[in-house]
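Undergrad: Okay, here's the prediction I keep looking at, along with the sequence it came from:
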Amino acid sequence: MEQIKLSLLAFWNQFLLFLPNILGALIILALAWLVTKLINTPVNTLMRKIKLDIDAVAVKYVNRVIKIVIWFLGVIMAMDKLGIPVTSLITMLAAIGAAVALAIKDNLSNLASGVILLFTKPFKAGDYVEVESYSGTIKEIEIMHTYLDTPGNTLVAIPNTKMMTATIVNYSTYDTRRQDFLFSIGYDDDLLEAKAVLQELLDQHPLVLKEPAPAVLVNEQGESAVILLARVWCATDEYWNLRYDLTEQVKLAFDRHGITIPYKQLDVHFPKQQNDKTVIS
């Protein structure tokens, strides 16, 4: 019994001697936690002061990386405070990390691509883009994937590596867009009247920009119709509203003026007797 008491006393004395180290490690971890909670505001302020032209998604990404680094340093400092051989541990982690990196190289590639996308900015959150067979609004650029909200209300996750290598069409880069409409009229219709009707409709439409001025041109003399080209500019946000509305308004205007929109047709001629032809339409 006396031996047990001596052992407990020795343990207690050692614990009291080691207690400052434990308290120091806990304080370090608490400070790391506190810094990660408060880091967003100073980081955002610093970026504004140095005028870094990056969007909100990139700022969120930067904050997340900084928090990971702070936690890593905090854990290392706490372990060092507890007397754990940090140098040997880091060497071991480096060796393990090299092996893991080979196993997850695709994920690391996505990670690196995400960082490049955020700072080269071929697109940003809120842009409407087309990537291969997908199109939608950029919702977020995460560590591994870029997320698109599609017009059909579905979420598409595209690996960042593919976003780096694919051809991306960004429809939101500029404030204005041009649209080309093709309308068919019959050969028996009055060409000049049809052009005047179209031009008046374009000039009066509230979504059509005055500059550059809208234009109506003869695009083609087709097999069964004359093809008119209506070229207009509009605000990017009004692209689809204008497209749907103008298509409807042109049909109604042509109907009011008796301008036909011909169907495709084929006239076949074959001889019945010499100098006599039967025509089938």
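TA: Happy to help now that I have it. Residues are numbered from 1 along each chain as shown.
Undergrad: and the residue positioned nearest the centre of the chain, what does it touch?
TA: Nearest to the mean C-alpha position of the chain, by CA atoms, centre = their mean, lies I138 at 2.9 Å. Going by CB atoms under 8 Å, 6 or more residues apart in numbering, I138 touches 123-129, 146-148. In this view, the C-beta of every residue, glycine as well, is placed from N, C-alpha and C.
Undergrad: If we use 10 Å, what do you get?
TA: Listed by CB atoms under 10 Å, 6 or more residues apart in numbering, the contact partners of I138 are 55, 57, 123-129, 131, 146-149, 163, 170, 172.
Undergrad: quick one: which of those residues sit in strands?
TA: Residues of the contacts of I138 located in strands (DSSP state E): 128-129, 131, 146-149, 170.
Undergrad: From the residues you listed, list the buried ones, please.
TA: With burial judged by 16 or more other CB atoms under 10 Å, the buried subset of the ones in strands among the contacts of I138 is 128-129, 131, 146-149.
Undergrad: Which of those sits closest to P206?
TA: Distance to P206, by CB to CB, is smallest for Y128 among these, at 22.2 Å.
Undergrad: For the residue nearest to the centre of the chain, give me phi and psi.
TA: Backbone torsions for I138, taken as degrees, to the nearest 10, come to phi -60, psi 120.
Undergrad: Just to check, K264 is in contact with A225?
TA: Yes - counting by CB atoms under 10 Å, K264 touches A225, with 8.1 Å between them.
Undergrad: on that earlier part again, gap between the residue nearest to the centre of the chain and L111?
TA: Distance of I138 to L111, given as CB to CB, to the nearest Å: 18 Å.
Undergrad: Looking at the ones in strands among the contacts of I138, spot the one nearest K210.
TA: Scanning the ones in strands among the contacts of I138 for proximity to K210, where the rule is CB to CB, the winner is Y128, at 24.7 Å.
Undergrad: ok, N110 - contacts?
TA: Applying CB under 10 Å, 6+ apart, we find N110 in contact with 104, 142-146, 159-164.
Undergrad: Apply 6 Å and report the result again.
TA: For N110, the contact set (CB atoms under 6 Å, 6 or more residues apart in numbering) comprises 144, 159-161.
Undergrad: can you put the residues you listed in a markdown table and add distance to E200?
TA: As requested, those are arranged in a markdown table below (distance: CB to CB, whole Å):
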| residue | distance to E200 |
| --- | --- |
| M144 | 54 |
| P159 | 50 |
| N160 | 49 |
| T161 | 51 |
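Undergrad: Turn those residues into a markdown table, including pLDDT and neighbour count.
TA: Formatted as a markdown table, those follow (pLDDT from 0 to 100; neighbours: other CB atoms under 10 Å):
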| residue | pLDDT | neighbour count |
| --- | --- | --- |
| M144 | 82 | 17 |
| P159 | 89 | 18 |
| N160 | 88 | 24 |
| T161 | 87 | 19 |
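Undergrad: which two from the residues you listed end up farthest apart in space?
TA: M144 and T161 (9.3 Å).
Undergrad: any idea of the angle the helix or strand encompassing F72 forms with strand 145-149?
TA: Assessed by DSSP states H and E, F72 sits inside helix 56-81. In terms of direction (axes from the mean of the first three to the mean of the last three CA atoms, to 10 degrees), helix 56-81 departs from strand 145-149 by 150 degrees.
Undergrad: Could you name the helices and strands sitting against helix 56-81?
TA: Other elements packing on helix 56-81 under the criterion 3 or more CB pairs under 6 Å, 6 or more residues apart in numbering; DSSP states H and E are helix 2-38, helix 86-103.
Undergrad: Go through those and find the least confident stretch.
TA: Among these, helix 86-103 carries the lowest mean pLDDT, a mean of 66.
Undergrad: and the helix or strand following it, how far from the chain's centre?
TA: Moving toward the C-terminus from helix 86-103, the next helix or strand (DSSP H and E) is helix 105-120. Relative to the centre of its chain, helix 105-120 is centred 15 Å away, using CA atoms, centre = their mean, to the nearest Å.
Undergrad: Right, I'll call it a day here.
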